[in-house]
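In: Need a 3D model of the following:
(chains A, B, C and D)
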Protein chains: 2
Amino acid sequence: MKRPTIHDVAAAAGVSRGTVSRLLNGDKYVSPAARVAIERAISETGYIVNRAARSLVTQRTGSVVMVLSEPYEKLFEDPNYSTLIRVSIKMLAERDLSLVMMLAGDAAERERVVRFVRGGHADGVLLVSTHAGDPLVEALGSGPPAVSCGAVIGHESVIPYAAADERLGARQMTEYFVAQGRRRIAMITGPMDTPGGIQRLEGFAEVLGRRATSKLIAHGDWTQASGERAMAGLLERTPDIDAVFVASDLMAAGALAALRAAGRSVPEDVAVGGFDDSSVAVSTHPPLTTIRQPLTEMAQETIRLLLALIDGAGHLEPVILPTELVIRESA
Amino acid sequence: MKRPTIHDVAAAAGVSRGTVSRLLNGDKYVSPAARVAIERAISETGYIVNRAARSLVTQRTGSVVMVLSEPYEKLFEDPNYSTLIRVSIKMLAERDLSLVMMLAGDAAERERVVRFVRGGHADGVLLVSTHAGDPLVEALGSGPPAVSCGAVIGHESVIPYAAADERLGARQMTEYFVAQGRRRIAMITGPMDTPGGIQRLEGFAEVLGRRATSKLIAHGDWTQASGERAMAGLLERTPDIDAVFVASDLMAAGALAALRAAGRSVPEDVAVGGFDDSSVAVSTHPPLTTIRQPLTEMAQETIRLLLALIDGAGHLEPVILPTELVIRESA
DNA sequence: TAAGATTCTGTGAACGTGCACAGTAAGGCA
DNA sequence: TGCCTTACTGTGCACGTTCACAGAATCTTA
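Out: Now for the predicted structure:
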């Protein structure tokens, strides 16, 4: 049995296609009589508008694409994505937009994304974890509006974004260590082509000044394993460290393992501070003192920016949200 | 500047629409000369096919919808979803299908999903965490093919699925406890309207027989907090338990916290076994002995089933994959 | 050579919608 | 009464494809 079309509804209601279309699209100029007749016809026939036909003429698709620029293996290691996905689906649904997810971890995937977006198959683009110098940004060019959750390095002024105040968070943790009387404070950063990698280190350095020597700084790639490696390296280079600020909770979990393996007790010998306040922060032992990022608000603001652009807003300023120190037992 | 259409390509290549269309759709009967001319014209014009126009006539959309039936708050607490999403996007992309994500946690959301699917906006449906008695399944009726990752209780024979052998996993853990000489073995289950809730308990009971009394069984809802509560309840009811099998790692992390709070040492006083072998299993202290689910394979098999159905396969049998005991330090 | 098969091509008609436009009826007002 | 506005309705066209069909050109075979 064929799916009912707007014709069938019009026929059943005794009006023309145009009138049904007007009702569907919230036009005024539909008489009360026509309105009830059409509404009845719609529910009787079980009519559902055909998005393909509609978007053929309106040039709108009713969908937004989330582009994940993480390489496949590392994708979703960070539990923070979950919040973003969840909030996005929810808020977009309220506007009757659906969320399409695409990967852009290698050249072939990026090519697919570009085809999709330039082909006009999305009304908006939501960039996630786009690293500095990612060719995708240029390739998307002047398509539909794009925003990012977290700054896109090198494109801060052209791609609006919502983010946590990374620098502030890093300062909060570092100052906390200082206030506690810790003397040899190390840091494990994220990748230096991400805002979280760069700016958390900047905040750390702002507080410590020249005490932040390169011997006290190790780099990770957000994974737990990299945190463990980095911590082990730090302990070898500078065994006398008594605090370490780790740029993510997941890496901090790795650092805890390395410290345990080296026989250091946390927080007595070494204080450990994380970043994110993600779910792992409470499942480690000891639970992590960390910096809370307002993930839900960040996601909400990101979507809000995107919706504003889709609605035709011009230039939009980034939204920077404050972080908060959460004290548990690791520091 | 307008986006080039198949007309423009045809004109540039000096052929007709039909020939271009045939090339695009992999038809034979395109002369080599036409082929190169068209391919050149495509890259010169930057042509990208318009999916809306195509699906208007083919009745196919090129997208698959993943339906998440978890209530909003609990969504993604389980890190296992990540694997499923990741594998799905990847495998679908290889077939040039894109993944749309929708929530179906309440009636309004389910309504939206039904409209979407019945409206013909997806070529396939991927059900996730659909609970027993979910009205969605009936509502979807005879639309496009649907599969599930994990059984849909009450619809096992009509909705194909891939799942871990839940019962086997539960037996493996319980037998391990027994072999270790544990005498009072308790269990914290998942919700009893999910296959993981039901079948893991069945496996547990199969091994212990009448020793699995109701005093030794507590129920959780997969969340860490519920695991903590359930464990506290068990300790109060039967203080002499020396082992507990928790139906998920996340709940096991909660159970560990409750045991620590009660002053019990793990594994000396009480052995703790989890289920999933998810990322939390290694970030807890002590790391969890658990049952590994072959998540990647489950996801792959699920998508494979869906693709087979989309390709026109008839009835398909469920795919049940074996679990494996992973021994760490909690038991 | 004629007839048939094979390979390739172009054309018109759908697919289901929104939008511009023209048109009708009723009401207000001079 | 005649005219203008307001409220509402119907119609034709365009959106960019695919597909069935018919036709042309070339090749095969009796």
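
In: what residue ranges in the stretch 51-200 of chain A are flagged as low confidence?
Out: A:74, A:77-79 (pLDDT under 70).

In: How about the residues of it by chain B?
Out: A:51-53, A:55-56, A:61, A:63, A:68, A:72, A:75-77, A:79, A:81-83, A:85-86, A:89-90, A:93, A:98-103, A:109, A:112, A:115-116, A:118-121 (CB under 8 Å from any CB of the partner chain). To be clear about C-beta, it is placed using only N, CA and C from the backbone, and glycine gets the same treatment.

In: which ones among those residues come in contact with DNA strand D?
Out: Near DNA strand D, taking CB under 7 Å from any atom of the strand as the test, the members of those found are A:53, A:56.

In: In strands only, show me the residues of the stretch 51-200 of chain A next to chain B.
Out: A:63, A:68, A:98-103 (DSSP state E).

In: The helix or strand hosting A:Met66 pairs with which strands, and in what direction?
Out: Secondary structure assignment for A:Met66, by DSSP states H and E: strand A:63-68. Its sheet considered, strand A:63-68 pairs with strand A:98-103 (parallel), strand A:124-128 (parallel) by DSSP bridges.

In: same for the very next helix or strand once past the last one, what does it pack against?
Out: For strand A:124-128, the succeeding helix or strand toward the C-terminus, using DSSP H and E, is helix A:135-140. In terms of contacts (3 or more CB pairs under 8 Å, 6 or more residues apart in numbering or on different chains; DSSP states H and E), helix A:135-140 is packed against helix A:107-118, strand A:124-128.

In: most tightly surrounded among these?
Out: Per-stretch averages of neighbours, counted by mean count of other CB atoms under 10 Å in any protein chain shown, single out strand A:124-128 among these, with a mean of 24.

In: Just want the angle from it to helix A:107-118.
Out: On the basis of axes from the mean of the first three to the mean of the last three CA atoms, to 10 degrees, strand A:124-128 is oriented at 150 degrees to helix A:107-118.

In: Can you give me the neighbour number for the residue nearest to A:Leu75 when sequence neighbours are not counted?
Out: Closest residue to A:Leu75 apart from its sequence neighbours, by CB to CB, 6 or more residues apart in numbering or on different chains: B:Arg86 at 5.2 Å. A count of neighbours around B:Arg86, defined by other CB atoms under 10 Å in any protein chain shown, yields 21.

In: need the contact list for B:Arg86.
Out: A:72, A:75-76, B:299 (CB atoms under 8 Å, 6 or more residues apart in numbering or on different chains).

In: Considering those residues, which possesses the most neighbours?
Out: Neighbour-wise, these (other CB under 10 Å) top out at B:Ala299, 23 neighbours.

In: residues in chain A within reach of DNA strand D, list them.
Out: A:14-19, A:22, A:28-34, A:53, A:56-57.

In: Could I get the full set of strands for the stretch 151-300 of chain A?
Out: Secondary structure of the stretch 151-300 of chain A by DSSP state E, counting those that start in this stretch: the strands cover A:161-164, A:185-189, A:217-219, A:243-246, A:271-273, A:290-292.

In: next one: the fourth one to chain centre, how far?
Out: The reference is to strand A:243-246. Centroid separation for strand A:243-246 versus its chain: 24 Å, with CA atoms, centre = their mean, to the nearest Å.

In: And the residue most central in space within chain A, how far from DNA strand C?
Out: Nearest residue to the geometric centre of chain A (CA atoms, centre = their mean): A:Cys149, 4.1 Å. Here the criterion is CB to the nearest atom of the strand, to the nearest Å. By it, A:Cys149 lies 31 Å from DNA strand C.

In: just to confirm, which helix or strand has the closest residue to that residue other than its chain neighbours in it?
Out: Excluding its sequence neighbours, the residue lying closest to A:Cys149 (CB to CB, 6+ apart) is A:Thr302, at 4.4 Å. Assigned by DSSP H and E, A:Thr302 belongs to helix A:295-310.

In: which residues are contacting the helix or strand following that helix?
Out: Following helix A:295-310 in sequence order, the next helix or strand is strand A:319-321 (DSSP H and E). Outside strand A:319-321, the residues that touch it by CB under 8 Å, 6+ apart are A:161-165, A:293-294, A:297-298, A:301, A:305.
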